[in-house]
Each structure stands twice: as C-alpha cells, then as structure tokens.
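Enquirer: the following block contains a protein sequence and its predicted model.
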Amino acid sequence: MRFGSVPLRLFLGATFLYAGIQKLTDSGFLTASRSTYIGKQLTGYGLRSPIGGLLGWLGQNFAVEVGVLIILVELAIGAGILLGIWTRGLAVLGALLSVVLFLSATWDVQPYFLGSDSIYAVAWITLALIGDRGVWVPGQRLLRPAEDRRRPIVDPARREFLLRLGAAGVGAIWLLALLPRSRPAAASLPASPTTTPTTPQPSVAPGPPTPSGPPGAATPTAAAPAGTRIGTLAAVQSAGSLAYQDPASGDPAVVVSLGGQSVVAYDAVCTHAGCTVEYDPSQRLLICPCHGAAFDPAHSAQVIAGPAPTPLPGLRVTVTSDGTIYTA
Ligand code: FES
C-alpha cells in the first residue's frame, strides 16, 4: 500500500492547481465591477454561512487581498502536493481551506453529499494522515537528503494521536453536514416565476398604476401603489437592471428590462447556495458569481447553466403610468 496515496495526491494536487490557475486567469476575479469578483462571492456566501459575519467583513474590506491569498494558497498546495513537497503540512492546509469553503460556498447545498467541499476536506485529512510515504516525490528529492527522507515522520504514539485527531475532524465535518439549515427565505417563494413583462403606458398621463404579473393579470388599479418605490423605468432601461431589496422576504431582488417598456423582477438569491445573482447586460442573463449559474430573465429565470436546481422565484412589481416602479 506504499502507493496508496498517489491517486489521491494526483487528483487533489491537480484540482487545487487548476483552481488556482482558473482564478489567476479570470480577469474578473479581482475586479470589483465584474460578476465573478471575489468580493461579491464573499458577500454572497456571507448571507447564508455560519461564518457570514467574517466573510461579509472580508468581502467589504479585504476582498482583493483575500482573493490574492486564495490564488497563492491554491497554487502552492496544488504544486507542492504533486511534487511531494511538505505533503502532510500542505494537506492540512488544504483541509482547512476546504472546511472554510464547506462553511461558506457549499454550506447551503443540501443534502450535503451534493456539495463537494465536505468530501474534499475529508480527502485532505486522509492524505494528511497517510502522507506521501516517500513515493513519487521529485520535489522532496531536491530539498532533502535521502537519509532524512527515509526517517519516519511521526512516531507510533504521535501517529495514534493524529489518527484520532483526523477521525474526530471527519466526524465533526459529517455532523456539521447533517445540521439542519435555515432555508433561504427565497426558497419559500414559488419556484415558478409569477412575474411576466408588464407594459406600462407612460403616454397616458396621469393614469392608474399597472401591476406586473402573468398575462391577463396586469389589470389597472385605481389605488395608488401600496408597495415600496424601487426606481424608475428609465433607470432600468438605461442600466438594464436595478437591484433592490424585497420588503416581503428581505432578500436581494432585481428588476430587469426586457426591452421597450417590459420589465421582470426576480428574487436575486441563487437557488444553488444562496449567493446574490447579478444581471449581465452583455449576455442578458442573471449570473451567479459563486459557481457560475446563469438564469434567463426573459424566460421565467430558467436555469441555462451551472448547478442551480431551480429557476429564481419571480416577484411582482407595479409600474405606474409615470414610469415609477414599486414593489407589488
Ligand atoms: Fe452556487 Fe449560485 S450559489 S451557483
């Protein structure tokens, strides 16, 4: 079984190296205006994570520093594990990083076995326990003399202690994975959108407000809108979208222009793991910065890419005849 850890090292090392390179070559990862910006990811994870306060604070104040650190750590772990340099130490670092990702990026993925970070953490703990056993360690050969490499890294008593520690770590991860999650408020909303383009009639002034809704449901109401003012139709048309907070759920939400005077509104909490989606006018899609889910606002926010299981819940908004948009 001397070679037992080689497949694990190859997969984990290559995966972390790839993850680091992927972030390094993503021009949006460190750019605040882009949808894959690390600050948006941290803030998005923070909405549902048990360490959300810390993530939100880092996302607001040290996003670029955290992004650079993640890139460097992933590259170092990936390269070191593949070359057999400080295997156990880097495996511990990989386990810690995976636990942080488990508590943030995939905390809301249920059941837990559909999320990858918990099993990554367990795999890293396993590698930390068994080490590389001196097999296929080109980097180690350069850094350490042969006698030193042959020396056992841990004595039996210490090995026993580390085995117990590793088992406790795996048990803790499993228990955390089974903990009931407070479901996102958006999940209680209907999975199928209730909002369709609405056609206000600004040329008729002054006139009654027109609520958005399914075809045939947009009947004028004589009453003034009771909801919260979101913004103006002109602003949505100009920017392509307008973010707001849904007063009913407290969730982030977004109004999207479909061209002309048609708008749709959706809850902006990604149905995968709770990050906040943003509208990308160049693609005309709502994009999740965390794992790349893409929703088509023109077609009931159907999922067209990524791991999100369901469309974004639709929200009703009211567009008045003077072009002001209100929550319904
Ligand atoms: Fe994972 Fe949105 S949170 S794709």
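Expert: Okay, I see it. The structure presented is a predicted model; accordingly, all values stated were derived computationally and were not measured. Residues are numbered from 1 along each chain as shown.

Enquirer: pull up the gap between the residue positioned nearest the centre of the chain and G306, please.
Expert: The residue lying closest to the centre of the chain (CA atoms, centre = their mean) is C290, at 2.8 Å. Distance, C290 to G306, by CB to CB, to the nearest Å: 9 Å. Just so you know, the C-beta spots here come from the backbone N, C-alpha and C atoms, and that holds for glycine as well.

Enquirer: before we move on, what about D280?
Expert: When distance is defined by CB to CB, D280 is 13 Å away from G306.

Enquirer: grab the nearest non-local neighbour of the residue in the stretch 1-150 of the chain positioned nearest to the ligand.
Expert: Using CB to the nearest ligand atom, the closest approach of the stretch 1-150 of the chain to the ligand is made by G44 at 6.8 Å. Nearest non-adjacent residue to G44, counting by CB to CB, 6 or more residues apart in numbering: C275, 3.0 Å away.

Enquirer: low-confidence stretches in the stretch 151-300 of the chain?
Expert: For the stretch 151-300 of the chain, the stretches flagged by pLDDT under 70 are 151-154, 182-224.

Enquirer: what segments of it are strands?
Expert: Ranges of strands in the stretch 151-300 of the chain, per DSSP state E, counting those that start in this stretch, are 210-211, 229-232, 241-245, 252-257, 263-267, 278-280, 285-287, 294-296.

Enquirer: how about the helices in this protein?
Expert: With helices called from DSSP state H, the chain shows them at 6-24, 38-46, 52-61, 63-83, 87-104, 117-130, 138-143, 146-150, 156-178, 233-239.

Enquirer: residues of the first one that come out buried?
Expert: In terms of neighbour count (16 or more other CB atoms under 10 Å), helix 6-24 has its buried residues at L8, R9, L12, G13, T15, F16, L17, A19, G20, K23.

Enquirer: packing partners for it?
Expert: When contacts are defined as 3 or more CB pairs under 8 Å, 6 or more residues apart in numbering; DSSP states H and E, helix 6-24 packs onto helix 63-83, helix 87-104, helix 117-130.

Enquirer: can you list the ones you listed in a markdown table and add mean pLDDT and distance to T36?
Expert: Formatted as a markdown table, those follow (pLDDT from 0 to 100; distance: least, CB to CB, whole Å):
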| stretch | mean pLDDT | distance to T36 |
| --- | --- | --- |
| helix 63-83 | 96 | 10 |
| helix 87-104 | 95 | 16 |
| helix 117-130 | 95 | 18 |
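
Enquirer: ok, which of these comes nearest D322?
Expert: D322 lies closest, by CB to CB, to one member of the helices and strands packed on helix 6-24: helix 63-83, at 38.9 Å.

Enquirer: and the closest one, what does it pack against?
Expert: Contacts defined by 3+ CB pairs under 8 Å, 6+ apart place helix 63-83 against helix 6-24, helix 38-46, helix 87-104, helix 138-143.

Enquirer: now do stretch 7-17: distance to the chain's middle.
Expert: Computed by CA atoms, centre = their mean, to the nearest Å, the chain-centroid distance of stretch 7-17 equals 22 Å.

Enquirer: tell me the mean pLDDT over that stretch?
Expert: The pLDDT scores in stretch 7-17 average 96.

Enquirer: so what touches it?
Expert: When contacts are defined by CB atoms under 8 Å, 6 or more residues apart in numbering, stretch 7-17 is touched by residues 74-75, 77-82, 84, 87, 91, 94, 120, 123-124, 126-127, 132, 136.

Enquirer: good, wrapping up.
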